[in-house]
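1. Next one to model:
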Amino acid sequence: MSEDKSDREYDIVVVGATGYTGTIGATHIAEHLPTNLKWAIAGRSGVKLDALAAELKKLSPDRLQPAIEIVDVEDKSKLSSLVKKARVCISVVSYHHVGAEVIEACIKSRTDYIDTAGTVLHLRNWIDKYHKAAELAGVVLIHSCGAFSAPQDLLTWASVRELEKKFSTKTKELVLSVVSIASDPSGGTIESMMERGAFGAEVLEKAQQPWYLSPTTGKQSSNSTNFFGMRHDSFLGSLSASAINAVQNRAVIHRTWGLLGGGKDYGPNFQYNEYKKASSTLAGVLQILNTRAIGLLLTIPPLKAIAMMFLPVPGEGPDLEKEKNYRVEMEAVAIADVDDDKAAPKVYSRFVYPGGPYHTTGAFLAQGAASLLYVRKLEGGAVGGLLTPAFLGADLIERIQGVGAELSTKIV
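-> Numbering: from 1, shown residues only. As a prediction, the model looks like this:
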């Protein structure tokens, strides 16, 4: 049973609130979470925090306004004192540089935690260092709860449940198609992508393994695309192996599979594969080449130096109004694990959010924190540890639907 934290000063603290994603997350809290929420925005710059607080007050003048907490995340003593004041911590710091410090402070203070960290190498390192300690302390650490993993994880969770409910079958594969997601990156996203190269080629190759983050290894499947990197699905159409976060999402979702019994829940033969929707084979091949070019641009030192001259720096990102008017859309098909593939029952699922990927991320961070704060009902009987968005299950789905998202499933 988790510790009673009802007497803590804050319900939620946002650490790194003045960054690009942090500002969007704080804005979502101000606009959508209960007006009696006791919360704080934290960062290094008092000037930036004051400016953010003023903007938040303009948006929602009649709610409890956030307290301002000035803290240097590298000062472990002050950081621990801060997170101990809160029941839930939203971390939107530079995960490569100081992400571990916030995690350690939350475990020490028994404060539940949520972030958008998605670099699988960081996640593997944190799993090895902190999962058992967090589990023993009864602290929930939810990672990758943003636009680039949370919808995929929840669509998979919901689809698996639907197949089980309607047909009493496990799931063999979840095929996901990214229909629409803006590619305008923030400086923090660019920084994370560029720093992956520092791990070395051998480590990066290991991180490509489908079960890299899972506590147990699942079935090793054959390549699902043709020579051109294309795949065709009768419901989803032409798909190209060009989804920029496919490796990350596969690792996260396979971790969900592993933590939920290593096949007892989703099924022993389960696998997740993600693609980008393509209008034709030629368009799909061009998408693949574009994705590979971006990867080279952000990992080869001379090209990185050139890219840094025109890409946003940490704290900056796409124009907020423009980003807000984008749309995130993806669809998926879950295939039942039966002997006759042609007769296998299938579930079609769809996710749409009326905003760009960073506004989608802000919504998932805020609503995920609200789920931890108000309900804290975890899948699989989990009590703590390094978990995934799917562990917040139906409650997070209902909350994200409540702020304008579509997340639906149906039998096809």
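2. Now residue 275: which helix or strand?
-> strand 271-277 (DSSP states H and E).
3. ok, the spatially closest residue to residue 59 that is not a sequence neighbour - how many residues close by?
-> Counting by C-beta to C-beta, 6 or more residues apart in numbering, residue 59 lies nearest to residue 30, which is 5.1 Å off, once chain neighbours are set aside. The way it works is simple: take the backbone N, C-alpha and C, and place the C-beta from them, glycine included. Residue 30: 26 surrounding residues under other C-beta atoms under 10 Å.
4. One more: residue 398?
-> Residue 398 has 13 neighbouring residues, counting by other C-beta under 10 Å.
5. secondary structure class for it?
-> The three-state label given to residue 398 by DSSP: H, G, I helix; E, B strand; the rest coil is helix.
6. still on that earlier bit, what's in contact with the helix or strand containing the residue nearest to residue 59?
-> Using DSSP H and E, residue 30 maps to helix 20-32. Residues lying outside helix 20-32 but in contact with it, judged by C-beta atoms under 8 Å, 6 or more residues apart in numbering, are 12, 14, 16-17, 37, 39, 41, 43, 52, 55-56, 59-60, 63, 66, 90, 92, 116, 146, 186-188, 315-317, 320, 358-359, 361-363, 365-367, 369, 403.
7. can you state the direction angle for the next helix-or-strand element following it and helix 20-32?
-> Following helix 20-32 in sequence order, the next helix or strand is strand 39-43 (DSSP H and E). Relative orientation of strand 39-43 versus helix 20-32 (axes from the mean of the first three to the mean of the last three C-alpha atoms, to 10 degrees): 170 degrees.
8. Return the set of buried residues in strand 39-43.
-> Using 16 or more other C-beta atoms under 10 Å as the test for burial, strand 39-43 gives 39-43.
9. Run the angle between the next helix or strand after it and strand 39-43 for me.
-> The helix or strand immediately downstream of strand 39-43 is helix 46-59, counting by DSSP H and E. If you take the same axes, to 10 degrees, helix 46-59 sits at 150 degrees to strand 39-43.
10. Residue most distant from the centroid, the protein?
-> The C-alpha centroid of the chain is most remote from residue 340, which lies 34.2 Å away (C-alpha atoms, centre = their mean).
11. From the buried residues of strand 39-43, pick the one nearest residue 76.
-> Closest to residue 76 out of the buried residues of strand 39-43 is residue 42 (14.4 Å), distances taken as C-beta to C-beta.
12. my guess is that closest one meets residue 66, correct?
-> No: contact status for residue 42 versus residue 66: not in contact, 9.3 Å apart, counting by C-beta atoms under 8 Å.
13. Can you pull the residues that touch both of these two?
-> Counting by C-beta under 8 Å, 6+ apart, the residues touching both residue 42 and residue 66 are residue 14.
14. Mark which of the contacts of helix 20-32 are buried, thanks.
-> Taking 16+ other C-beta under 10 Å as the criterion, what is buried in these is 12, 14, 16-17, 37, 39, 41, 43, 52, 56, 60, 63, 66, 90, 92, 116, 146, 186-188, 315, 317, 358-359, 361-363, 365-367, 369, 403.
15. Specify the local secondary structure of residue 124.
-> Per three-state DSSP, residue 124 ends up helix.
16. and what of the one 4 residues further on?
-> When the structure is split into helix, strand and coil by three-state DSSP, residue 128 lands in helix.
17. What segments of the stretch 51-200 of the chain are strands?
-> Per DSSP state E, counting those that start in this stretch, the stretch 51-200 of the chain carries strands over the ranges 67-70, 86-91, 112-115, 140-142, 171-180.
18. and the longest one, which residues are buried?
-> By neighbour count on 16+ other C-beta under 10 Å, the buried set for strand 171-180 is 171-179.
19. Give me the three-state assignment for residue 213.
-> coil.
20. what about the spatially closest residue to it that is not a sequence neighbour, how many neighbours?
-> Leaving aside its chain neighbours, residue 213 sits nearest to residue 255 (4.1 Å; criterion: C-beta to C-beta, 6+ apart). For residue 255, the count of nearby residues is 26 (other C-beta under 10 Å).
21. Could you do the one 4 residues further on as well?
-> Residue 259: 23 surrounding residues under other C-beta under 10 Å.
22. Select, out of the strands of the stretch 51-200 of the chain, the one closest to residue 325.
-> strand 171-180 (12.5 Å).
23. Tell me the strands beside the closest one, with direction?
-> Here strand 171-180 is paired, per DSSP bridges, with strand 271-277 (parallel), strand 328-336 (antiparallel).
24. could I have that strand exported to CSV, CA atoms only?
-> Presented in CSV, the C-alpha positions along strand 171-180 are these (Å, rounded to 0.1, in the frame of the first residue of the first chain):
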residue,chain,number,x,y,z
THR,A,171,-3.1,-11.0,-29.7
LYS,A,172,-0.5,-12.0,-32.2
GLU,A,173,0.3,-8.5,-33.6
LEU,A,174,-0.6,-4.9,-33.3
VAL,A,175,0.1,-3.1,-36.6
LEU,A,176,0.0,0.7,-36.2
SER,A,177,0.0,3.4,-38.9
VAL,A,178,1.0,7.0,-38.1
VAL,A,179,-1.5,8.9,-40.3
SER,A,180,-0.6,12.5,-39.3
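25. Going forward, count from 20.
-> Got it, first residue is 20 now, which makes that one strand 190-199.
26. Got the confidence number for the residue nearest to residue 178 when sequence neighbours are not counted?
-> With sequence-adjacent residues excluded and distances taken as C-beta to C-beta, 6+ apart, residue 178 is closest to residue 353, at 3.6 Å. With respect to pLDDT, residue 353 scores 97.
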